[in-house]
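Trainee: Fold the following and give me the result.
(one chain, ligands or ions: 1)
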Amino acid sequence: MSHAVAPVSQNPASKDDVVRCDACPVLCRIRPGKAGACDRYANVEGVLTRVDPLVITERAASEGSVVPFLSGSEGWNGSVAAPPPAASFVTGIGAGTTYPDYKPAPFIVSSQHDGVDMVTVVTEGIFSYCGVKVKIDTDRYLGPEQAAVRVNGEAVGHVTTAEYGSQMLSLGGVHHLTGGSKKEGNVTCDTLLALCNKQAVTLQIDGGSELIVQAGKPPVVNGTPEARMRVGCGSATIGIFAKQWLGHADEVIVVDDHITGVLTEHQAGRFLDMPLSGIRVRGRKSTPGRYFQVADPGLGWGGTNISDPLEIVESIDAKAAWPGMKLLMVSTTGEHSAWYVLDDQLKPQPAEMPAPIRVVVDRIAENCEPSLCTVLFMAGAGGSLRAGVTENPVRLTLSVKDRLTRVTSGGAPVYVWPGGGITYMVDVARMPDNSFGYVPTPALVAPIEFTLQRDDYAALGGHMDYVVQLEDVLQAGRLSKLAQRADNPWPISRPTAEEQP
Ligand code: SF4
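Mentor: Just a heads-up that it's a prediction; the model follows:
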């Protein structure tokens, strides 16, 4: 038995009839020439048709070459791809969905890799259990951990634990999609869909900032685009640059919301035999030269709420400090810096920053990586979706854990969580544009592919009667071909230990 490229209804109606879509639980009745509620299926002359093209990725002829996206098969001259079929991969994008789950997946494709018969099971999964983890490279204060993240007033997720140089959001999940009001579910679904399709979304955080987030782009916090993520915490910055300040400054304080560093107290200063400056900063001392909580979090220096760095200077010990002492205060990105010289009353007075100090401040900035937003889609494919792959679903799970089956999403590599089920994460930036869709249940629709050796597929109870040849899929219409990203592993190859647990 074989499938056409576009899944069609089991009983095509006459071209004037309403057709019923059975690709998801909504079961739309679609009038001639119209699309269903999700815009993914339409009634084309009485035939239920998946309207978007099926996306095929093709491997470039040489490693590392970059090939532009081609929309549609027209214009594709094959010059940048090795001869098919080995260099073509059928993704789940545009593949369609089968529902209920006991039906085989829309495409079960046979191909060869390195002389080995392979099978790729291709579908568009409908995920009620899904969400995104957003990493935002900034130290600016976005909001308290656990605070609600809202879109148009609806809670779509929360702020989660901060990471090194980045603030983290956890958005979506089954409780926001289905556990609240209908509006909350729909807004959450819209937000996830936009983020996964690499579009910009404006988020408001309770008790915090408004920000614009877009995969692969710098975040915009309260209207200001972020440029750099910090070189390290205040203590790390001291450690990196201490030697370069030696002989030019008598004290350096690196202002940081997490760990503010004080050079002469810090192990780096001790190691360089720098005399203690007697400058004491506010906050809670962790270890010598490392201070927590010197100020409240905010949008000022080093992710604190201060705009005048001298605010964090608690005292200056007259027994240690001296008139003419040179003090640098700088943030962890080099974005903020100030140079002071102590007067006769040991009061820091602003002065022009010497050139050697300016060089090091600039070097802090130079060592900061560009600030970006990263969006990881996370979903559970360990449920009923597996029945479209095999009659014995747990065997698919075990096969994934044993690295006999590679899981990809739109041809992009995924990380499969250890433990039960097939809970995976994928960087949406590594997927083709507009890989995601939705259904109004509400849930997200995401491409997913399972690739394994044909023998292994048969052994785990695969739907062998539904296997089609790759050549047959490639000869059908409604295809869109694009180059496989050079930094994505070829999906038909077996996963390495590093790629999947
Ligand atoms: S929402 Fe889309 S997939 Fe679901 S029944 Fe309607 S047209 Fe089909």
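Trainee: can you list the residues of the stretch 351-500 of the chain near the ligand?
Mentor: Contact residues (C-beta under 6 Å from any ligand atom) of the stretch 351-500 of the chain with the ligand: V439, P440. C-betas here are computed from N, CA, C, even on glycine.
Trainee: Could you find the residue in the stretch 351-500 of the chain that comes nearest to the ligand?
Mentor: V439 (4.5 Å; C-beta to the nearest ligand atom).
Trainee: Tell me who's in contact with that residue.
Mentor: If you count contacts by C-beta atoms under 8 Å, 6 or more residues apart in numbering, V439 has them with C24, P25, V26, A37, C38, R40, I126, V445.
Trainee: Repeat that for A351.
Mentor: By C-beta under 8 Å, 6+ apart, the residues touching A351 are W339, Y340, V341.
Trainee: what's the burial count for the residue of the stretch 1-150 of the chain found nearest the ligand?
Mentor: Going by C-beta to the nearest ligand atom, the ligand is nearest to G36 of the stretch 1-150 of the chain, at 2.1 Å. When counting by other C-beta atoms under 10 Å, one arrives at 23 neighbours for G36.
Trainee: Per-residue pLDDT of the residue nearest to the spatial centre of the chain, please?
Mentor: Centroid-nearest residue in the chain: V375, 2.3 Å away (criterion: C-alpha atoms, centre = their mean). Listed pLDDT for V375 reads 98.
Trainee: distance between the helix or strand where it lies and the chain's centre?
Mentor: Element membership for V375, per DSSP states H and E: strand 373-380. The gap between where strand 373-380 is centred and where its chain is centred comes out at 5 Å by C-alpha atoms, centre = their mean, to the nearest Å.
Trainee: Repeat that for stretch 314-328.
Mentor: 46 Å.
Trainee: show me where pLDDT drops low in the stretch 401-501 of the chain?
Mentor: 494-501 (pLDDT under 70).
Trainee: now do 90
Mentor: Within the stretch 401-501 of the chain, the stretches with pLDDT under 90 are 476-478, 493-501.
Trainee: Now flag whichever of the contacts of A351 is closest to the ligand.
Mentor: Using C-beta to the nearest ligand atom, those come closest to the ligand at W339, 62.7 Å.
Trainee: Contacts only, for the closest one.
Mentor: K326, L327, L328, P350, A351, E352, M353, P354, I357.
Trainee: what do you get for C24?
Mentor: Contacts of C24 (C-beta under 8 Å, 6+ apart): C38, T97, Y99, I126, V439, T441.
Trainee: can you state the direction angle for the helix ranked longest in the chain and strand 373-380?
Mentor: Identified as the longest helix of the chain according to DSSP state H is helix 182-196. Interaxial angle of helix 182-196 relative to strand 373-380 (axes from the mean of the first three to the mean of the last three C-alpha atoms, to 10 degrees): 120 degrees.
Trainee: Contact partners for the nearest residue to Q244 once chain neighbours are set aside?
Mentor: In this structure, Q244 finds its nearest non-sequential neighbour in V360, 4.8 Å apart by C-beta to C-beta, 6 or more residues apart in numbering. For V360, the contact set (C-beta under 8 Å, 6+ apart) comprises F241, Q244, W245, H248.
Trainee: for V360, phi and psi?
Mentor: phi -70, psi -40 (degrees, to the nearest 10).
Trainee: now do S166
Mentor: Per degrees, to the nearest 10, the backbone of S166 is at phi -140, psi 150.
Trainee: Show me what it bridges to in the sheet.
Mentor: E163 (DSSP bridges).
Trainee: So it versus E226, what's the distance?
Mentor: 11 Å (C-beta to C-beta, to the nearest Å).
Trainee: overlap in contacts of those two?
Mentor: With C-beta under 8 Å, 6+ apart as the test, S166 and E226 both reach I136, D137, T138.
Trainee: A320 is in contact with R280, correct?
Mentor: No. With contact defined as C-beta atoms under 8 Å, R280 does not reach A320; the gap is 9.7 Å.
Trainee: And for S181, the neighbour number?
Mentor: Neighbours of S181 (other C-beta under 10 Å): 10.
Trainee: start the count at 17, not 1, going forward
Mentor: Sure thing, new numbering starts at 17, so read that last one as S197.
Trainee: residues in contact with the residue nearest to F452 when sequence neighbours are not counted?
Mentor: What sits nearest to F452 in space, not counting adjacent residues and going by C-beta to C-beta, 6+ apart, is C212, at 4.3 Å. Residues in contact with C212 (C-beta under 8 Å, 6+ apart) are V148, A231, V391, F393, V444, S451, F452, L460, A462.
Trainee: Can you tell me how far C212 is from the ligand?
Mentor: Per C-beta to the nearest ligand atom, to the nearest Å, C212 is found 17 Å from the ligand.
Trainee: Just the CA atoms of the strand holding V391, as PDB, please.
Mentor: What follows is strand 389-396, C-alpha atoms only, in PDB (Å, rounded to 0.1, in the frame of the first residue of the first chain):
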ATOM      1  CA  CYS A 389      17.400  35.300  22.100                       C
ATOM      2  CA  THR A 390      17.300  31.500  21.700                       C
ATOM      3  CA  VAL A 391      14.100  29.600  21.500                       C
ATOM      4  CA  LEU A 392      14.000  25.900  22.200                       C
ATOM      5  CA  PHE A 393      10.700  24.100  21.400                       C
ATOM      6  CA  MET A 394      10.100  21.300  23.900                       C
ATOM      7  CA  ALA A 395       7.400  18.600  23.400                       C
ATOM      8  CA  GLY A 396       6.500  15.100  24.400                       C
END
